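Student: next come a sequence and a model predicted from it.
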Amino acid sequence: MLFRLQIPIFVIKLNRIFPTRTSVSSVSPLKLSTSWSHYHSQISPTKIRSSLRDQTLNSNISHSNRLITKLSREGEIIEARKLFDKMPDLDVVAWTTMITGYIKCGCLKEAGILFDDPSSKKDVFTWTALLSGYVRSHQIAEAERLFVETPCKNVVTWNTMISGYASVGFVDSALNLFNQMPERNVVSWNTIITALAHTRRIDEARKLFDIMPERDVISWTAMVTGLSKCGRIDEAGELFERMPNRNVISWNAMVTGYAQNFRLKEALEIFEKMPERDLPSWNAMITGFIQNGDLKGARKLFNEMQERNVVTWTTMIEGFVQSEQSEEALRIFSRMQADGIWPNQGTFLSVLSACSNLAGLSEGRQIHQVISKSNFQNNAFVESALVSMYSKCGELSISREMFCRSKQKDLVSWNCMIAAYSHHGCGKEAIQMMNEMRNLGFRPNDVTYVGILTACSHSGLVDEGMKFFDELVKDGSIDLNEDHYACLVDLCGRSGKLEEAFDALLAGCSYYGNIKIGEFVAKRLSELEHDNAGTHMLLSNIYAANGNWKDAAEVRLKMKDSGLKKQPGCSWIEVGNMVNVFVVRDKSHAETEWIYCLLHDLYANMKGEGYVSCTEPIVDE
């Protein structure tokens, strides 16, 4: 029986847990000013009244600047601007403070307008503040223009632009700028070394590290992290041992490095040696256990933790999803909510995946209700996960409706919709979706082709599928992987072109009864997966489908001698908010007699429409 999320009480708390976020620029001045009373308890009422109603406070410019900073920090940007506009003598500090306030409140456009005011007073700090705003919002073209125009640059200005280039992957531009710097500090070196290491240009990073005039703990940690990510874990360990000073971040980097390189024993040893641990330390170790397939170890560490954050919970949820324990993943999510932890994007993606795996429509709808009260309701990745979830739960119309309503469709969104049509065998609709996607300027990627090839295969559109595969091969910009070849094999298998797909899947061989190829493939697969009962079962069914009962029996006998047994098929359906589970040959359901009667009638109608089963001789255990 599927696990039921206990969310009714939880939903009542949603307005407290997920307050609706509204951008500062879209809030009315009246609404913003209502929270001005918050400052009466912290600042003299006399001074506040005077700051709003007259200009007596503005005689002290520095005091006004501090108040503008305070208001900006608290989100009262409109009140800060009122105070700024009432100041009789605006010096460069006042202008910089107000511009910085806008930037911190996310009002970058307003900051730019104020910066461009003809009467504005600016110095290097003002220019660098706006530059930093553009960098943080990834408006690199604007940042680059402003950097060029900056009349006087200091080392912070240069570092900010280098960081901006690195943040969007323009590492060569960052490196060129680094080489042009008239002076550098340790931040300059750390920024470029981190950028090179992050993009796996580890040899270049190491050369710079070796000639650094001064290193700090960040320099050493950046190199340890970079070497670990590039698989050079022994070199990273050697560098870690040479570090003159270590902090908790350095230790965490080493734990993560060993875990990422599948050396869990060393990761655990480092974790146990740590002089101090923080929450990321525990999270790194839990992630390491899960990456190495030790969910039991992760759960044990999870239970020992005194404090957990959203990363901790999400990591455990994803661990259970990856281990195909989706019901347990939903239980963990429910516990997370009971502890008052707010989900993040990763949490929602994981629990929606769990709902998809279970075809748990009721649970998925409840999760959707939670998302609609959060800041992730318009997140492109979350929207795509919802499209996929509804599709896998049988609600293709809802998937399509959600896709059409989305205002920020990206390639992931289109791929999810193509996969949804594929899942339901709607090949023509999937092809139409791909054509629409291309017309809007989106280029298909490897995932797109897996979806469209699968859709063609499931819909019997063999010729169309072969054309797409040929197009994929000729494209050249997309690397073919095993999923693409599996789709090709499936296409050939379903169309009977087994000689063209010598390595065809056993399912295709079984479907058409081609013993010669099927036997060859089954034996090869048996060598690779000798303990896979499904491989032996399919080979036995190939023999049985062609009347070779002796060979079929021999395969079954070998399975018995080896202790191999195929797990019985299991499916479930939700009707009237109740989940009905069916297992092969199990007749324990209360409505078994009525169900089998209905199935016989349905099968009779199918045969009347011309359907011919090719699996009648095939047996199962």
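Tutor: Here it is on my side, so go on. Since the structure is predicted, the reported quantities are computational estimates derived from the model, not experimental observations.
Student: N580 looks like it's in a strand, true?
Tutor: Yes: according to DSSP: H, G, I helix; E, B strand; the rest coil, the state of N580 is that of a strand.
Student: test my guess that it contacts H589.
Tutor: Yes: between N580 and H589 there is a contact at 6.8 Å, judged by C-beta atoms under 8 Å. Where you see a C-beta, it was placed from the backbone N, CA and C, and this is true even at glycine.
Student: can you give me the helices in the stretch 201-350 of the chain?
Tutor: Counting by DSSP state H, counting those that start in this stretch, the stretch 201-350 of the chain has helices at residues 202-211, 217-229, 233-242, 248-260, 264-273, 279-291, 295-304, 310-322, 326-338, 345-358.
Student: let me have those helices in JSON lines, adding mean neighbour count and mean pLDDT as columns.
Tutor: Output for the helices of the stretch 201-350 of the chain, formatted as JSON lines (neighbours: other C-beta atoms under 10 Å; pLDDT from 0 to 100):
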{"stretch": "helix 202-211", "mean neighbour count": "16", "mean pLDDT": "96"}
{"stretch": "helix 217-229", "mean neighbour count": "23", "mean pLDDT": "96"}
{"stretch": "helix 233-242", "mean neighbour count": "16", "mean pLDDT": "96"}
{"stretch": "helix 248-260", "mean neighbour count": "23", "mean pLDDT": "96"}
{"stretch": "helix 264-273", "mean neighbour count": "16", "mean pLDDT": "96"}
{"stretch": "helix 279-291", "mean neighbour count": "22", "mean pLDDT": "95"}
{"stretch": "helix 295-304", "mean neighbour count": "15", "mean pLDDT": "95"}
{"stretch": "helix 310-322", "mean neighbour count": "22", "mean pLDDT": "96"}
{"stretch": "helix 326-338", "mean neighbour count": "21", "mean pLDDT": "94"}
{"stretch": "helix 345-358", "mean neighbour count": "23", "mean pLDDT": "94"}
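Student: what residue ranges in the stretch 101-250 of the chain score low on pLDDT?
Tutor: Across the stretch 101-250 of the chain, no stretch falls below the confidence threshold (pLDDT under 70).
Student: start and end of stretch 300-315, how far apart?
Tutor: End-to-end distance for stretch 300-315: 14 Å, by C-alpha to C-alpha, to the nearest Å.
Student: who's in contact with it?
Tutor: Outside stretch 300-315, the residues that touch it by C-beta atoms under 8 Å, 6 or more residues apart in numbering are 279-280, 282-283, 285-287, 289-290, 298, 316, 332-333, 335-336, 339, 341-344, 346-347, 350.
Student: recalculate using a threshold of 10 Å.
Tutor: Contact with stretch 300-315 is made by 268, 271, 278-280, 282-291, 294-295, 298, 316, 319, 332-333, 335-337, 339, 341-351, as judged by C-beta atoms under 10 Å, 6 or more residues apart in numbering.
Student: ok, now stretch 440-450?
Tutor: Residues from elsewhere that reach stretch 440-450 (C-beta under 10 Å, 6+ apart): 409-416, 418-419, 422, 433-434, 436-438, 451-452, 468-469, 471-472, 475, 477-481, 483-484, 486-487.
Student: again with stretch 453-468
Tutor: By C-beta under 10 Å, 6+ apart, the residues outside stretch 453-468 that reach it are 418-431, 433-434, 444, 448-449, 452, 469, 472, 483-497, 500.
Student: what about 7 Å?
Tutor: Under the criterion C-beta atoms under 7 Å, 6 or more residues apart in numbering, residues 418, 421-422, 425-428, 430-431, 449, 452, 469, 484, 487, 490-491, 494-495 lie in contact with stretch 453-468.
Student: restricting to C-alpha, output that stretch in CSV.
Tutor: Output in CSV follows, covering the C-alpha atoms of stretch 453-468 (Å, rounded to 0.1, in the frame of the first residue of the first chain):
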residue,chain,number,x,y,z
LEU,A,453,13.1,8.2,-30.4
THR,A,454,11.3,6.5,-27.5
ALA,A,455,8.0,8.2,-28.6
CYS,A,456,8.5,6.9,-32.2
SER,A,457,9.3,3.4,-30.9
HIS,A,458,6.2,3.3,-28.6
SER,A,459,3.9,4.6,-31.3
GLY,A,460,5.2,2.3,-34.1
LEU,A,461,6.6,5.3,-36.1
VAL,A,462,9.6,3.3,-37.2
ASP,A,463,10.5,5.3,-40.3
GLU,A,464,10.2,8.6,-38.4
GLY,A,465,12.3,7.3,-35.6
MET,A,466,15.0,6.1,-38.1
LYS,A,467,15.1,9.6,-39.6
PHE,A,468,15.6,11.2,-36.2
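Student: which parts of that stretch are buried?
Tutor: 453-459, 461-462, 464-466, 468 (16 or more other C-beta atoms under 10 Å).
Student: low-scoring stretches of the stretch 401-550 of the chain, by residue?
Tutor: Within the stretch 401-550 of the chain, the segments meeting pLDDT under 70 span 494-536, 538-539, 542, 545-547.
Student: just the helices in it please.
Tutor: All helices of the stretch 401-550 of the chain, identified by DSSP H, counting those that start in this stretch, fall at 411-423, 427-439, 446-458, 462-475, 482-495, 506-512, 515-528, 533-545, 549-562.
Student: now do the SS call for I573.
Tutor: Three-state call for I573 (three-state DSSP): strand.
Student: give me the neighbour count for it.
Tutor: Counted with other C-beta atoms under 10 Å, the neighbours of I573 add up to 12.
Student: same deal with G133?
Tutor: The burial count for G133: 25, using other C-beta under 10 Å.
Student: I'd like the next helix or strand past the one helix or strand it maps to.
Tutor: G133 belongs to helix 124-136 when elements are defined using DSSP states H and E. Next helix or strand after helix 124-136 toward the C-terminus (DSSP H and E): helix 140-149.
Student: and for that next one, what are the contacting residues?
Tutor: The contact list for helix 140-149 (C-beta under 7 Å, 6+ apart) reads 127, 130-131, 134-135, 161, 164, 168.
Student: ok, back up a step: can I get the helices of the stretch 201-350 of the chain in TSV with distance to G112?
Tutor: Shown next, in TSV, are the helices of the stretch 201-350 of the chain (distance: least, C-beta to C-beta, whole Å):
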stretch	distance to G112
helix 202-211	34
helix 217-229	32
helix 233-242	43
helix 248-260	35
helix 264-273	47
helix 279-291	36
helix 295-304	46
helix 310-322	34
helix 326-338	40
helix 345-358	29
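Student: R73 is nearest to which of those helices?
Tutor: Evaluated over these, closeness to R73 peaks at helix 310-322, with 24.2 Å, by C-beta to C-beta.
Student: between the closest one and helix 345-358, how many degrees?
Tutor: For helix 310-322 against helix 345-358, the angle by axes from the mean of the first three to the mean of the last three C-alpha atoms, to 10 degrees is 20 degrees.
Student: sorry, back to before: can you put the helices of the stretch 401-550 of the chain in CSV and add distance to V156?
Tutor: CSV is the format used below for the helices of the stretch 401-550 of the chain (distance: least, C-beta to C-beta, whole Å):
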stretch, distance to V156
helix 411-423, 37
helix 427-439, 44
helix 446-458, 42
helix 462-475, 45
helix 482-495, 48
helix 506-512, 62
helix 515-528, 58
helix 533-545, 62
helix 549-562, 69
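Student: returning to what we had before: which of the contacts of helix 140-149 are buried?
Tutor: The neighbour count (16+ other C-beta under 10 Å) marks 127, 130-131, 134-135, 161, 164 as buried among those.
Student: nearest to E327 among the residues you listed?
Tutor: V135 (44.4 Å).
Student: correct me if wrong: the closest one contacts Y165.
Tutor: No: counting by C-beta atoms under 7 Å, V135 does not reach Y165; the two are 8.9 Å apart.
Student: neighbours of the residue lying closest to E110 once chain neighbours are set aside, just the number please.
Tutor: What sits nearest to E110 in space, not counting adjacent residues and going by C-beta to C-beta, 6 or more residues apart in numbering, is Y102, at 4.7 Å. Neighbourhood size, Y102 [other C-beta under 10 Å]: 26.
Student: run through who's touching the strand or helix carrying Y102.
Tutor: According to DSSP H and E, Y102 maps onto helix 92-104. By C-beta under 7 Å, 6+ apart, the residues outside helix 92-104 that reach it are 61, 65, 68-69, 72-73, 77, 80-81, 84, 87, 110-111, 114-115, 120-123, 125-126, 129-130, 133.
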